[in-house]
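Asker: got a sequence here, can you model it:
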Amino acid sequence: MTVTCDKCGKKFQQTFGLASHLSTKRDCLKSYPLQHEVWNKFCKGCFKMFKNLNAHHDAKISCREACESTIKEYLNSNSHEVPLRAPSSTCFAFLRFMQSATQKSGGGYPLNRTQLEDTWGTFTEPKPESTTKSFDEIFSELQTLCIERNHKKKRMMMYHANKGSINWVKSKNIDEFIQRFSTQQEALPEPQFMSTNASTFKLLSTEESLSELDSFVHQCLHISSESDILVAVDCEGVPDKLNLIQVASDDVTYVLDCCTIGADKVCKHLKSMLESSVIIKLMHDVHCDAWALQSYGITLQGVMDTQLVHELMFPVDLHIGLVDFLKRYNIVHETKDEVRKLMNSTEDFWSQRPLNAKALKYAADDVRLLLQAAHEVRKDLSEEEWKTALSASQLRVEGVTSIEAARSRQVCFDREMDFRMRSLELVASENKDRIVAFKKVTVNEQEVEHLVKLIPSRFYTDFPPQDWQGLRDIVLDVGRRPQIFLQDGRHFLFHNEEEFVKVEDIEQIVENLGGDDRFGSDNRATMDTSLHRISALRNRQDDIIGLTMRAGRSTTGNVDFLLDILLGSESNILILGEPGSGKTTLVREIARVLADRNHVFIVDTSNEICGDGNIPHACVGLARRIQVPNLDKQAAVMVECVQNHTPEVMVVDEIGRASEVDAAKTVKQRGVRIIATGHGNLRKLNKNKQLRGSLGSLEQVILKGGVPKTVRIGDPTFEVIIEVKRGARDNFVVIPHVADAVDRIVDRRSYRVQHRIRDPETGQVRIMLDQM
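Answerer: Predicted coordinates for the structure are as follows:
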């Protein structure tokens, strides 16, 4: 049979060819006459369905048949919800049937079986040729979205596939819906209906119901002895508690209430399945679940962590969340956001009973949808990749040895992927040689002796220097007791509370340093070939009456857990922290590491980074240094450095004035990477009017209705911020996306951070994802 398009005259040998043509040629579809021969067999919305199913010339399916099967499926089920599921979005046969049912029910939706049966008995429609395919076969091939029904608000939701967005159409009855739908049909010819009632699950909340769970476990063990079997598992309330366990197979989904039954009893019934190495347990981010189950005597075996599977396929996406993982396979977790808000606002949410229907559906969908996505993932993985993911997942389970390990993630840097941060378990399963070895941080304490020798020997009597481990500052004020600050806090050098620092003591230290002339306009002085800083405190007569002597150190290995940011990207980095937190120590080693690859210039205002003298300290490696005459000229020197010395990377210590913020922007705009330090943290920096320009320009705009709102209208100078704290050398906070974080702060929302935690003994790194 030859079919001709009335608009363009193109001829097709089969009806499905014309259907495909019309679905892509909107002009033809717009003017196509409904009385054409094609429309006698198929309504417009069924073209796409017919095209997909017409593998053979004699395969045909009518709207009525599909609708009839849908209604009969409901009539034969135990459900009390009407399955408003059409085979296509514009199936007028189905809409006409629902219109008839609506009229019989008095203008509302048909809510019971009797009304539907009566309506179906009197509803007639010409029936085209039948198909040899069953309804189940046809419906399984259709990726149909359906109507979401809400009896209280009586609204229908249409999903427009070609727009990828949702449009709500409120309707009191089917007539109004058809009228509204027809007005949108010309602009959006192929909408589809979405259903939220497609999933079912069984809630087991009594000890008697565990017999059904035993049958399920026994069946899984039996099937696994003959063929592979996938079971999705998830837990709620972890890692501190175990309130729910969800289990899903291809046939059934169980939600097990551990609060009412008892977590120990539920785990006892699941133990054989969870510890079986032949039943593959699909779990997403297994850390917390593994720890909670360990506390009830279960050692997981045969786990496939889909988070690791995704990283194996897409190494860029590290530690992807479940919702984003499902979206990769066009699966929507409908209740995730809503229940997440309840979890964040309700303390111990999963311990409360009774749980509402949405929370239970959320829990069931976690495993049901994960299993659905896993079947798609399995098709994309080779046998070798599948085994690698299994091995990595088992390593992840074995690595959860404490609650701290459950809340964090083991990571490494892959040298073959340009130092990209990846999961340690995955790279170890692929090739251990690719892992960049972490080293224990070593601190050069020898130079501290030079600083100690500056002070008079009488200060050593009660507290000898060999006990000054971790010296940070020596504080000397005339007329007060001398004191030092170590890692564990303040210590006085004299036991006698009436023995004080004298003017002669200060004069002797200044003389040992080289005289008053060694202090610059910023009242800072440094020692030749050392990294120490001595700051003077003066009276109104400009006499020095106090000294703060900061011990400077060089380290090795301190930046190893930042290699992905330093070497794996070109991001501009701002290091924030309070005084004495180690910002300058960190920036010294950053300069050395980058100088092995790039032309690095250090803008050294007080000679604190590279030390005093004409030759920079050896700790900065190949980095060059440009000295700043005084603090007021730092911004000008930054621009001069770019103009005269063509650096690839510029390192600046303490950006603290608006002129330096502007200079940093200029440096970035000229293509030079900039690494800088500053005081405070991100939220405090955002409140500092002089310095928040480095986070992008913030301006207040007036929204509709006269509502004022602060918005960011410029890009931040620094893409990454690293926050350090005093006494926490092995724990940094990394803000990897500053622009997003600033937007969230402006909107009074929390932003995402990484806590990078280093084992001081081994150098091994874990990260913990958090909100601040």
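Asker: ok, now how distant is the nearest residue to D528 once chain neighbours are set aside from T526?
Answerer: Nearest non-adjacent residue to D528, counting by Cβ to Cβ, 6 or more residues apart in numbering: G613, 4.7 Å away. Heads up, the C-betas are built off the backbone N, CA and C, glycines and all. Using Cβ to Cβ, to the nearest Å, G613 is found at 8 Å from T526.
Asker: G514 too?
Answerer: From G514 across to T526, the span is 10 Å (Cβ to Cβ).
Asker: look at the residue of the chain most remote from its centre and report its pLDDT.
Answerer: In terms of distance from the mean C-alpha position of the chain, E504 ranks first, at 59.1 Å (Cα atoms, centre = their mean). Note for E504: predicted pLDDT of 94.
Asker: next one: the one 3 residues further on
Answerer: According to the prediction, E507 has pLDDT 94.
Asker: what's the local residue count around it?
Answerer: Number of residues near E507 (other Cβ atoms under 10 Å) recorded here: 13.
Asker: what helix or strand is it on?
Answerer: If you go by DSSP states H and E, E507 is part of helix 503-513.
Asker: what comes into contact with whichever helix or strand comes after that helix?
Answerer: The first helix or strand that comes after helix 503-513 along the chain, using DSSP H and E, is strand 524-526. Contact with strand 524-526 is made by 513-514, 518-519, 532-536, 606-608, 611-612, as judged by Cβ atoms under 8 Å, 6 or more residues apart in numbering.
Asker: same deal with stretch 354-364?
Answerer: Residues from elsewhere that reach stretch 354-364, judged by Cβ under 8 Å, 6+ apart: 199, 201, 203, 234, 236, 244, 246, 248, 253, 255, 333, 335-336, 338-339, 342, 349-350.
Asker: which non-adjacent residue is nearest Q469?
Answerer: L486 (6.6 Å).
Asker: which elements pack onto the helix or strand hosting L308?
Answerer: Per DSSP H and E: L308 is located in helix 306-313. Packed against helix 306-313 by the contact rule (3 or more Cβ pairs under 8 Å, 6 or more residues apart in numbering; DSSP states H and E) you find helix 322-327, helix 357-380, helix 383-398, strand 420-423, helix 424-430.
Asker: okay, the ones you listed in TSV with mean neighbour count, mean pLDDT and distance to L547 next?
Answerer: TSV is the format used below for these (neighbours: other Cβ atoms under 10 Å; pLDDT from 0 to 100; distance: least, Cβ to Cβ, whole Å):
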stretch	mean neighbour count	mean pLDDT	distance to L547
helix 322-327	17	93	55
helix 357-380	19	93	61
helix 383-398	18	95	53
strand 420-423	23	94	43
helix 424-430	22	94	47
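Asker: between the ones you listed, which gets nearest to N598?
Answerer: Minimum separation from N598 across the helices and strands packed on helix 306-313 (Cβ to Cβ) falls at strand 420-423, 18.8 Å.
Asker: so what are the sheet partners of that closest one and their directions?
Answerer: Here strand 420-423 is paired, per DSSP bridges, with strand 409-414 (antiparallel).
Asker: average model confidence for the strand it pairs with?
Answerer: 94.
Asker: now do the strands in the stretch 551-700 of the chain.
Answerer: 555-556, 573-577, 600-604, 624-627, 649-652, 673-679, 698-702 (DSSP state E, counting those that start in this stretch).
Asker: from what I see, S554 and V587 are in contact.
Answerer: No: S554 is beyond contact range of V587, at 11.5 Å (criterion: Cβ atoms under 8 Å).
Asker: where in the stretch 401-550 of the chain is pLDDT low?
Answerer: Scanning the stretch 401-550 of the chain for pLDDT under 70 picks out nothing.
Asker: cool, and the chain?
Answerer: Residues of the chain that meet the cut-off, pLDDT under 70, sit at 1-4, 6-7, 12-199.
Asker: between helix 357-380 and the helix or strand containing A232, find me the angle.
Answerer: When elements are assigned from DSSP H and E, A232 belongs to strand 229-236. Strand 229-236 and helix 357-380 meet at an angle of 140 degrees, taking axes from the mean of the first three to the mean of the last three Cα atoms, to 10 degrees as the criterion.
Asker: counting contacts, what elements does strand 229-236 pack onto?
Answerer: Counting by 3+ Cβ pairs under 8 Å, 6+ apart, strand 229-236 packs on helix 210-224, strand 244-248, strand 279-283, helix 287-294, helix 357-380.
Asker: hang on, the earlier thing: buried residues in the helix holding L308, which are they?
Answerer: T306, Q307, L308, V309, H310, E311, L312 (16 or more other Cβ atoms under 10 Å).
Asker: state the distance from the residue nearest to the third one when sequence neighbours are not counted to L293.
Answerer: Right, the one you point to is L308. Spatial nearest neighbour of L308, chain neighbours left out: A392 (4.9 Å); criterion: Cβ to Cβ, 6+ apart. The spacing between A392 and L293, counted by Cβ to Cβ, is 19 Å.
Asker: now swap in L531 and tell me
Answerer: Plainly put, L531 is 50 Å away from L293 if you go by Cβ to Cβ.
Asker: again, but for I534
Answerer: For I534, the distance to L293 equals 57 Å [Cβ to Cβ].
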